[in-house]
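Q: One predicted model, sequence on top.
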2 protein chains.
Amino acid sequence: MARDDAAGRNLAWTDPNCPVARAVDVVGDRWSLLIIRDAMDGARSFTDFQQRTGIARNILADRLRKLVAHGLIAQVEAPTGKRRVYALTPAGKDLFPVIVTLRQWGERHAYDAGETHSVLVDDHGAVVPPVVPVAADGRPLTSDTTTVRKPA
Amino acid sequence: MARDDAAGRNLAWTDPNCPVARAVDVVGDRWSLLIIRDAMDGARSFTDFQQRTGIARNILADRLRKLVAHGLIAQVEAPTGKRRVYALTPAGKDLFPVIVTLRQWGERHAYDAGETHSVLVDDHGAVVPPVVPVAADGRPLTSDTTTVRKPA
DNA sequence: GGCAAAGAGTTTCAAATTGCAACCGACTGG
DNA sequence: CCAGTCGGTTGCAATTTGAAACTCTTTGCC
């Protein structure tokens, strides 16, 4: 088990044809998405990630290694010429819609009335509206109005 | 650790104010999202989930219990009056945008050129376009044009 | 330059989680 | 009413996780 291909991808999925399964294989654990979240929020250094997430240091080292191996994060020279820092790659930044939808789901379903939580605001200071999948013609879609078409 | 509150929620988060953390706490493991995915795709029975995901039976039992406890799935009388089946609650169905964005990320970043995968189509048979977070005025947003505002 | 402190991991070991396979009672179909 | 199927549970073995201490490298500063 835990066989990896040349790109470091695990090959023992239930269904290799399902992009959801492959995505979960990369970020479907307790910490990876929180690391990505913090990277989007400005975290750059090892201890920065460690303190924000509270993850154990050995696990953090392991997750950062995997995220780098999967191409979501890269170690780059710090702009200030100091220590190398972790930065999101385009693939990592592309998880933004996932983080936002997860956040919005959490806001709707993981808080009791009266509990407070942080909110996502845009560069004008306005709250980001709910993200909703739509058809090409603009109709909102749900799990009831979509189906998965298997490859030919 | 692993203390739970009355609603079965774990209370040992890094940041209780972060909805992303709370969402991950519920569905941030290797299997929960795949179970939700299969439920959206029509899975109803225990063995149905087991065969589609390939998850170990004891773990599946545990995950279904937790998802029921968290209110994402409910056990309901089968329409046919037979065995009880698992069905998504509104909160479970509301994960649709998360599943879709994860799927789309997977399609973009977890496949080599030439590899095939399933695609999500709407009820007209058209492929679901990329889901992108937008500001109230319609501008597309990214992690660079948004920030998290902590509660007062 | 020299030194103390901080950063970035690594190591060690215990505890928790996973996975497999076998087992079991309830339901159902014929 | 008998044979399968369903929906789990149980007992381990194998992994994974987590906490804490330890090491090596960089930095800040005088």
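A: Structure received.

Q: Please count neighbours and contacts with C-alpha atoms only from this point.
A: Will do.

Q: would you list every one of the strands in chain A?
A: Taking DSSP state E as the test, the strands found in chain A are A:73-76, A:85-88, A:119-122, A:146-149.

Q: Return the residues in contact with the residue lying farthest from the centre of chain A.
A: For chain A, the largest distance from the centre (CA atoms, centre = their mean) belongs to A:Ala152, which lies 29.6 Å off. Shown in contact with A:Ala152 (CA atoms under 8 Å, 6 or more residues apart in numbering or on different chains): no residues.

Q: Quickly note the distance from it to B:Gly42.
A: 20 Å (CA to CA, to the nearest Å).

Q: How about A:Leu60?
A: 37 Å.

Q: Comparing these two, which residue is more hemmed in?
A: Counted by other CA atoms under 10 Å in any protein chain shown, A:Leu60 and B:Gly42 do not tie: A:Leu60 has more neighbours, with 20 against 16.

Q: Touching, that one and A:Arg52? I think so.
A: No. Applying CA atoms under 8 Å, one finds A:Leu60 not in contact with A:Arg52, separated by 11.4 Å.

Q: Let me see the residues that make contact with stretch A:127-140.
A: Residues contacting stretch A:127-140 (CA under 8 Å, 6+ apart): A:100-101, A:104, A:119-122, A:141-142, B:97, B:100, B:122, B:126-136.

Q: Just the buried ones from those, in PyMOL syntax?
A: To isolate the buried subset of the contacts of stretch A:127-140 in PyMOL, counting by 16 or more other CA atoms under 10 Å in any protein chain shown, use the following:
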select buried, (chain A and resi 100+101+104+119+120+121+122+141+142) or (chain B and resi 97+100+122+127+128+129+130+131+132+133+134+135)
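
Q: ok, stretch A:60-69 near DNA strand D or not?
A: No. Stretch A:60-69 does not reach DNA strand D (CA under 7 Å from any atom of the strand); its nearest approach is 7.8 Å.

Q: Which positions in that stretch come out as buried?
A: Buried, per 16+ other CA under 10 Å, within stretch A:60-69: A:Leu60, A:Arg63, A:Leu64, A:Lys66, A:Leu67, A:Val68.

Q: cool, and stretch A:71-78?
A: A:Gly71, A:Leu72, A:Ile73, A:Ala74, A:Gln75.

Q: Could I get the contacting residues of the residue lying closest to the third one once chain neighbours are set aside?
A: It stands for A:Ile73. Residue nearest to A:Ile73 in three dimensions, not counting chain neighbours: A:Leu88, with 4.4 Å by CA to CA, 6 or more residues apart in numbering or on different chains. A:Leu88 sits next to A:Ile36, A:Ala39, A:Met40, A:Leu72, A:Ile73, A:Ala74 when contact means CA under 8 Å, 6+ apart.

Q: Relative to DNA strand C, which of these is nearest.
A: Nearest to DNA strand C among these: A:Ala74, at 10.7 Å, using CA to the nearest atom of the strand.
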